[in-house]
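# dropping a prediction and its sequence here:
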Amino acid sequence: MENLNHTLFLWLNAPADPNNLVLTSATFFAQYLILAIPIFFGLAWLRGQETTRKCLLVASAAVLLGLVINQLIGMIWPHPRPFVIGLGHNFLLHAADSSFPSDHLTIWLSVAFSFLSQRKLVKLGLSMVVLGLPVAWARIYLGVHYPADMLGALVVAAFSAWLSLRTAGFYLPTVFSIASSIHRRLFGKLIAMGWVSQ
């Protein structure tokens, strides 16, 4: 299995002298596209209503759960990244921590799968699932992950999104109440001016 993982990695990994346009595109997908998540969350929270905000909190819970699971997996089964063992070519600075599963794709897909379970956010969730493909490719292309890391992230994200939704009844009322209280304190003046939803 590990040999297949290495073979697929070398097939997808960048050559020693990659095309600049491909390298720039890969860097965008691997490093910067994920910034769309906090930007969207911030705007949707400020302008959204209770239903939207609760969806954001469930998606956030899925992300946190996914990252905790990844940390536990990394502690139990540390797996060196390709550049640590001198495999392929690396074009992205990254800590030499365990590669399996990919935290980056876990975050992206946890949000995507959470949105898929919400009627108003299905289209956005589907778009994010599709965009997860170039994100996964880019992180392999740039030499910081193996294909198996992406499959692991897919499984962890799907499980995290499912569990965070199934258990929302236990944590969501309390978390939403606390978050709403903080929101009103921080944005009270902007709420009064109508710039931010109450």
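Sure, I can see it.
# only C-alpha atoms from now on, for both contacts and neighbour counts.
Will do.
# in stretch 34-46, which residues are buried?
34, 41, 45-46 (16 or more other CA atoms under 10 Å).
# what about the residue nearest to the spatial centre of the chain, helix or strand, and which?
Nearest to the geometric centre of the chain sits residue 107, at 1.8 Å (CA atoms, centre = their mean). Using DSSP states H and E, residue 107 sits within helix 103-116.
# residue 61 is in contact with residue 164, isn't it?
Yes - here residue 61 reaches residue 164: they are 6.0 Å apart, a contact under CA atoms under 8 Å.
# and residue 3, how many neighbours?
When neighbours are counted by other CA atoms under 10 Å, residue 3 registers 8.
# the one 5 residues further on too?
Other residues lying near residue 8 total 15 when counted by other CA under 10 Å.
# with the one 3 residues further on instead?
Other residues within reach of residue 11 by the criterion other CA under 10 Å amount to 13.
# ok, now the one 5 residues further on?
By the criterion of other CA under 10 Å, residue 16 has 10 neighbours.
# that older thread, residues contacting the residue nearest to the centre of the chain?
With contacts defined as CA atoms under 8 Å, 6 or more residues apart in numbering, the neighbours of residue 107 are 63, 66-67, 157.
# again, only using 7 Å
Residues in contact with residue 107, defined by CA atoms under 7 Å, 6 or more residues apart in numbering, are residue 63.
# then residue 138?
So residue 138 contacts 26-27, 29-30 (CA under 7 Å, 6+ apart).
# ok, back up a step: looking at the buried residues of stretch 34-46, which is nearest residue 175?
Top of the list for closeness to residue 175, among those and by CA to CA, is residue 45 at 14.0 Å.
# ok, that closest one to residue 134 distance?
Per CA to CA, to the nearest Å, residue 45 is found 27 Å from residue 134.
# re earlier: put the buried members of the contacts of residue 138 into a PyMOL selection.
In PyMOL, this line selects whichever of the contacts of residue 138 come out buried by 16+ other CA under 10 Å:
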select buried, resi 26+27+29+30
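# so which of the contacts of residue 138 are in helices?
26-27 (DSSP state H).
# reformat the contacts of residue 138 as CSV; add pLDDT.
Putting the contacts of residue 138 into CSV (pLDDT from 0 to 100) gives the following:
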residue, pLDDT
26, 97
27, 97
29, 97
30, 97
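# from the contacts of residue 138, pick the one nearest residue 10.
residue 26 (15.8 Å).
# which strand or helix spans the residue nearest to that closest one when sequence neighbours are not counted?
In this structure, residue 26 finds its nearest non-sequential neighbour in residue 138, 4.6 Å apart by CA to CA, 6 or more residues apart in numbering. According to DSSP H and E, residue 138 maps onto helix 122-141.
# please report how far residue 78 lies from residue 72.
Computed as CA to CA, the residue 78 to residue 72 distance reads 10 Å.
# equivalent analysis for residue 177, please.
Residue 177 sits 30 Å away from residue 72, taking CA to CA as the criterion.
# also residue 91?
For residue 91, the distance to residue 72 equals 27 Å [CA to CA].
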